[in-house]
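A.B. asks: attaching a predicted model along with its sequence, questions to come.
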Amino acid sequence: MRNKKVLLVVSEDWYFCSHRLDLGASLVKAGAEVAVVTKVDRFQEVIQRAGIRVIPLNFSRSGHNPFRDFITVCRLILIYRREKPDIIHHVALKPSLYGAIAAWITHMPAVVNALGGMGFIFISESFFARLVRKATGRLFRFLMNRKNTLTILQNRDDVSLYKNEIGVQETNLVLIKGSGVDLKNFNVKPESSGIPVAVCVSRMLWDKGIGELVEAARIMRRRKIPIKVRLVGPTDVNPSAISQHVLDSWKAEGIVDIAGPQADIASEYQAAHIGVLPSYREGLPKSLLEAAACGRAIVASDVPGCREICRHEVTGLLCPPKNVEALANALTQLAVNKLLRQKLGRQGRQLAESEFGVGSVITDTMNVYHQLLR
């Protein structure tokens, strides 16, 4: 990558830092010129200290304002023409869609689209989501089948979706399991004594299964199960966002601990006993990876993405999505069975070490770049 110019396009600076900063730093170390196009909030200095230039761009994440989305594409076109990168790497669904349109118009030589979860439009069955899903699928079929384009997906279910339903050629798809986990920072510490804590690290969205998790906590309280459920993560601008009013009502009820966003996620898992994410669909959830790396047994929905990490009765317990009773039963089982909980946690750490270290993910991503730059 020496003397190559790499442009990463990410919706928000905090997301770049949590999911792609290690990649950017590795590119700089390899001799590349690296810049990130992102919405600047609180992490510009962190990115710049890694030797990465920041190009501010306010992405609209609501998806309900076509004029604003058109302006975003136009601004990306101007940035691409000015920067003239050797390779553009779009991260997540909306940057991949808008960025791939801009890259097509500006004839960029090499394009990577890295998709995580399928997002609201692929999960929701609302009229708006179904309408946008159909249009987005047609656009992706055209944009992702271009000869200078590769699309990274995080699980086999999504590879099948893009190949069989959207119509992207298999040769244009690459499977890389997530963004990896820092195995040194996310390490195993002994469980603390006291009531077991199940922590959910996630944006506060209904389609992350947060509502079902709160209802499961109510069930376990009625059953007098010794467990504490803790929600860690920010609210979000998203059609599936849980309002602050609802979060405040849960806090007042005292049924779950509403912690809000926290900077030290490793400490959250190390202080907990169980990691939980009852999401409706994922790419490959970093939060479950981090829980496994910390040696914590996990509970998750049996859906694409989650089951890549939560392997039933190996690293955790899977339950049907949106099934509150099954979720409560799985959490109860791990809360009361310390030996099982710790066994699954040990096996989760082993899985993180063998398959999901950040170093191997960076190597695989670099190989994608080299394939395009031949």
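C.D. replies: Received, thanks. Not measured: the values here are computed from a predicted model. Numbers count the residues shown, from 1 in each chain.

A.B. asks: could I get the full set of strands for the stretch 1-150 of the chain?
C.D. replies: Remark: strands assigned in the stretch 1-150 of the chain by DSSP state E, counting those that start in this stretch are 5-12, 33-39, 53-56, 87-91, 111-114, 149-153.

A.B. asks: contacts for the last one, please.
C.D. replies: Right, the one you point to is strand 149-153. 96, 100, 103, 110-115, 143-144, 159, 162, 168, 172-176, 283, 365, 368, 371-372 (CB atoms under 8 Å, 6 or more residues apart in numbering). The C-beta positions use only the backbone N, C-alpha and C, and glycine is treated the same way.

A.B. asks: with adjacent residues omitted, what lies nearest to A217?
C.D. replies: Spatial nearest neighbour of A217, chain neighbours left out: V229 (4.3 Å); criterion: CB to CB, 6 or more residues apart in numbering.

A.B. asks: show me where the stretch 151-300 of the chain has helices.
C.D. replies: Assigned by DSSP state H, counting those that start in this stretch, the stretch 151-300 of the chain shows helices spanning 156-160, 210-222, 244-253, 265-271, 286-293.

A.B. asks: including mean pLDDT, distance to I309 and mean neighbour count, could the ones you listed go into JSON lines?
C.D. replies: Shown next, in JSON lines, are those (pLDDT from 0 to 100; distance: least, CB to CB, whole Å; neighbours: other CB atoms under 10 Å):
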{"stretch": "helix 156-160", "mean pLDDT": "91", "distance to I309": "13", "mean neighbour count": "17"}
{"stretch": "helix 210-222", "mean pLDDT": "98", "distance to I309": "17", "mean neighbour count": "20"}
{"stretch": "helix 244-253", "mean pLDDT": "94", "distance to I309": "26", "mean neighbour count": "13"}
{"stretch": "helix 265-271", "mean pLDDT": "97", "distance to I309": "13", "mean neighbour count": "19"}
{"stretch": "helix 286-293", "mean pLDDT": "96", "distance to I309": "4", "mean neighbour count": "28"}
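
A.B. asks: out of these, flag the one nearest T72.
C.D. replies: T72 lies closest, by CB to CB, to one member of these: helix 156-160, at 24.3 Å.

A.B. asks: can you list the residues that contact the closest one?
C.D. replies: The contact list for helix 156-160 (CB under 8 Å, 6+ apart) reads 115, 118, 153, 173, 175, 283, 304-305.

A.B. asks: let's see that with 10 Å instead.
C.D. replies: 115-118, 122, 151, 153, 168, 170, 173-175, 177, 281-284, 303-305, 307-308 (CB atoms under 10 Å, 6 or more residues apart in numbering).

A.B. asks: low-confidence stretches in the protein?
C.D. replies: By pLDDT under 70, the low-scoring segments of the chain are 60-64, 117-132.

A.B. asks: now do the residue nearest to L21 when sequence neighbours are not counted against L8, distance only.
C.D. replies: Leaving out its chain neighbours, the residue that sits closest to L21 by CB to CB, 6+ apart is A50, at 6.2 Å. Taken as CB to CB, to the nearest Å, the spacing of A50 relative to L8 amounts to 12 Å.

A.B. asks: show me which of these two is the more surrounded one.
C.D. replies: Taking neighbours as other CB atoms under 10 Å, A50 and L8 compare with L8 leading, 28 against 17.

A.B. asks: what bridges to the closest residue to A103 other than its chain neighbours?
C.D. replies: Closest residue to A103 in three dimensions, ignoring its sequence neighbours and counting by CB to CB, 6+ apart: V111, at 4.7 Å. Residues in a beta bridge with V111, per DSSP bridges, are I88, T149.

A.B. asks: JSON lines for the strands of the stretch 1-150 of the chain, including distance to A216?
C.D. replies: Listed next are those as JSON lines, based on distance: least, CB to CB, whole Å:
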{"stretch": "strand 5-12", "distance to A216": "30"}
{"stretch": "strand 33-39", "distance to A216": "34"}
{"stretch": "strand 53-56", "distance to A216": "41"}
{"stretch": "strand 87-91", "distance to A216": "32"}
{"stretch": "strand 111-114", "distance to A216": "32"}
{"stretch": "strand 149-153", "distance to A216": "30"}
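
A.B. asks: closest to S243 out of these?
C.D. replies: Comparing the strands of the stretch 1-150 of the chain by CB to CB, strand 5-12 comes nearest, at 20.1 Å.

A.B. asks: name every strand pairing with that closest one and say which way it goes.
C.D. replies: Partners of strand 5-12 in its sheet, by DSSP bridges: strand 33-39 (parallel), strand 87-91 (parallel).

A.B. asks: which of the ones you listed is buried the deepest?
C.D. replies: strand 87-91 (a mean of 27; mean count of other CB atoms under 10 Å).

A.B. asks: coming back round to it: rebuild the strands paired with strand 5-12 as a markdown table, extending it with distance to I79.
C.D. replies: Listed next are these as a markdown table, based on distance: least, CB to CB, whole Å:
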| stretch | distance to I79 |
| --- | --- |
| strand 33-39 | 6 |
| strand 87-91 | 10 |
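
A.B. asks: nearest to A198, of these?
C.D. replies: Among those, the nearest to A198 by CB to CB is strand 87-91 (29.4 Å).

A.B. asks: dump the closest one to PDB, keeping only the CA atoms.
C.D. replies: In PDB, the C-alpha atoms belonging to strand 87-91 read as follows (Å, rounded to 0.1, in the frame of the first residue of the first chain):
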ATOM      1  CA  ILE A  87      -9.100   3.200  -3.600                       C
ATOM      2  CA  ILE A  88     -12.300   4.100  -1.800                       C
ATOM      3  CA  HIS A  89     -13.600   2.100   1.100                       C
ATOM      4  CA  HIS A  90     -17.200   2.700   2.100                       C
ATOM      5  CA  VAL A  91     -18.300   1.400   5.500                       C
END
